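Visitor: Give me coordinates for this.
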Amino acid sequence: MEKRRFALIGTGNRGTTMWGKDLLAGWREHVDLTAIVEKNSLRGERARNMIGSNAPLYENIDSMLAEQKPDLVIVCTPDQTHDDIVVRALESGIDVITEKPMTTSVEKIRRILDAEKRTGRRVDVSFNYRYAPTAAKIKELLNAGEIGRVTSVDFHWYLNTKHGADYFRRWHAYTENSGSLFVHKATHHFDLLNWYLDSDPESVTSFADLQNYGRKGPFRGPRCKLCPHTQECDYHLDLETDPFLDQLYEDPSEIDGYFRDGCVFREDIDIPDTMVVSLRYRNNVHVSYSLNTFQPIEGHHLAFNGTKGRIELRQYEAQPWEEPKEDAILLIRNFPNGKEAVERIVVPHFTGGHYGGDDRMRNMIFKPGMDDGLGQRAGTRAGAMSVLCGIAALTSSRTGKVVDIADLMPELANDGSPNSLRTSR
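Guide: Residues are numbered from 1 along each chain as shown. A predicted model of the protein is given here:
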């Protein structure tokens with residue numbers, strides 16, 4: 001079997017683990033790492049050691065492409081840089097896997113879509129949540145019509161004070177880098193909704209604010225390591241207690257000035273930490289969504305309301321009590337017709353990231369002959385539509401207006417896709 005020769009672009013946490021060490025450990029018969037691109041040479045060296053590879057290191061993609069001829073590029077750099085790398089790879093005749101979000105603006109979406117169409121190469125977007133066992137089971141139930149026609153969805157995501165705060169320590173805390181968490185984080189959730197409902201979002205309205213981090217903090221310091229408030233700060237991060245982060249970021253910060261333990265109360269943080277969104281879909285499904293970033297729990301609530309019943313899930317990821325070892329989907333029928341009125345469907349947790357979703361996604365992309373009956377493999381249109389949801393939500397929160405997706409990118413909203421043609425409303 002011929003291996004796919006890939007170049008890894010970016011060696012942060014995700015690149016070093018998910019698309020580096022873990023990919024080689026489980027899929028070595030399908031892939032071969034031929035190059036690593038990282039502009040911070042020390043971080044690149046340390047990441048390469050962690051990955052367990054002897055692939056050559058490059059500080060920019062052009063140097064790598066001049067010497068290497070990979071079949072595939074995997075993009076794990078900050079969000080605002082994705083489009084340049086993706087387009088450069090496509091124009092060199094190389095397929096791409098990009099971490100989510102695909103990019104951060106309408107103009108950058110257009111660049112990627114145009115390059116993919118022009119070159120005939122393929123871009124996969126890393127929407128691993130589609131592959132989580134619970135998500136896959138819900139999609140099966142919806143496809144089977146178990147609750148009739150879906151009319152509305154309640155979707156609420158909770159980030160705890162460890163995970164949520166981390167976005168405000170890093171480059172994500174600035175809209176120009178991440179598009180805000182409406183784009184960087186919620187792209188996962190908007191994509192799940194688009195996939196579950198098999199339809200395009202039409203109109204978006206939202207409210208959002210900075211309620212806890214940034215200028216709302218009681219004090220601030222230059223970074224956690226040098227902060228005089230370490231004893232009183234609820235968000236203090238000691239990198240020395242995490243050898244992985246310390247190796248990957250502390251010494252390398254002397255080269256690029258990027259500190260992994262930035263103060264979550266920096267006054268120039270410009271993204272919201274509390275977000276609520278309403279979406280209307282072309283098939284007339286109404287969605288209520290929220291994202292909260294400083295909760296004592298981690299996980300989400302999800303419920304689909306249909307003409308014949310309801311699908312309900314509370315997924316636990318972290319909380320101050322013993323975590324359930326499995327997820328239970330409640331299928332509640334209005335008209336049992338000989339079936340159980342309430343069916344508890346147990347979905348076991350599996351090893352690997354996202355309860356086994358990461359492994360299933362890598363199987364789908366790299367193993368030949370994989371069946372994609374649920375349409376889990378995501379391309380540029382899915383990547384674009386989820387980013388447009390985030391852009392629309394951020395725009396609405398800042399203007400107070402309802403934002404139509406078609407106004408942001410009419411060529412995508414009316415491109416003839418089966419999704420965009422479902423106008424049963």
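Visitor: from the chain's centre, how far out does the biggest helix by length in the chain sit?
Guide: Scanning the chain for the helix with the most residues, using DSSP state H, yields helix 380-399. Distance, stretch centre to chain centre, for helix 380-399: 13 Å (CA atoms, centre = their mean, to the nearest Å).
Visitor: buried ones in it?
Guide: Neighbour-count burial for helix 380-399, counted by 16 or more other CB atoms under 10 Å, picks out 380-397. Placement of C-beta: from N, CA and C, glycine included.
Visitor: Backbone dihedrals for the residue lying closest to residue 227 once chain neighbours are set aside, both of them.
Guide: Leaving aside its sequence neighbours, residue 227 sits nearest to residue 221 (CB to CB, 6 or more residues apart in numbering; 3.0 Å). Backbone dihedrals for residue 221, given as degrees, to the nearest 10, come out at phi -140, psi 180.
Visitor: The one 4 residues further on now?
Guide: The phi and psi values for residue 225, taken as degrees, to the nearest 10, are phi -60, psi -30.
Visitor: residue contacts, it?
Guide: Counting by CB atoms under 8 Å, 6 or more residues apart in numbering, residue 225 touches 238-239, 259, 261.
Visitor: again, only this time at 6 Å
Guide: The neighbours of residue 225, taking CB atoms under 6 Å, 6 or more residues apart in numbering as the test, are residue 261.
Visitor: now do residue 205
Guide: 278, 396, 402.
Visitor: was I right about the last one contacting residue 203?
Guide: Right, the one you point to is residue 402. Yes: contact criterion CB atoms under 6 Å: residue 402 and residue 203 qualify, at 5.5 Å.
Visitor: neighbour-wise, which of these two wins?
Guide: Using other CB atoms under 10 Å, the more surrounded residue of residue 402 and residue 203 is residue 203, with 18 against 15.
Visitor: Tabulate the CA atom coordinates of the host helix or strand of the more buried one in PDB.
Guide: Per DSSP states H and E, residue 203 falls inside strand 201-209. Taking Å, rounded to 0.1, in the frame of the first residue of the first chain, the C-alpha atoms of strand 201-209 are listed here in PDB:
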ATOM      1  CA  PRO A 201     -28.400  28.500   8.100                       C
ATOM      2  CA  GLU A 202     -30.300  31.500   6.700                       C
ATOM      3  CA  SER A 203     -30.500  34.200   9.300                       C
ATOM      4  CA  VAL A 204     -28.500  34.800  12.500                       C
ATOM      5  CA  THR A 205     -28.900  37.100  15.500                       C
ATOM      6  CA  SER A 206     -26.900  37.200  18.600                       C
ATOM      7  CA  PHE A 207     -25.900  38.900  21.800                       C
ATOM      8  CA  ALA A 208     -22.300  38.700  23.300                       C
ATOM      9  CA  ASP A 209     -20.200  40.400  25.900                       C
END
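Visitor: That one to helix 380-399, inter-axis angle?
Guide: Angle, strand 201-209 to helix 380-399, by axes from the mean of the first three to the mean of the last three CA atoms, to 10 degrees: 50 degrees.
Visitor: chain center to strand 201-209: distance?
Guide: Here the centre of strand 201-209 is set off from its chain's centre by 19 Å, with CA atoms, centre = their mean.
Visitor: With stretch 6-19 instead?
Guide: Distance, stretch centre to chain centre, for stretch 6-19: 15 Å (CA atoms, centre = their mean).
Visitor: Quick check: mean pLDDT of that stretch?
Guide: For stretch 6-19, mean pLDDT rounds to 97.
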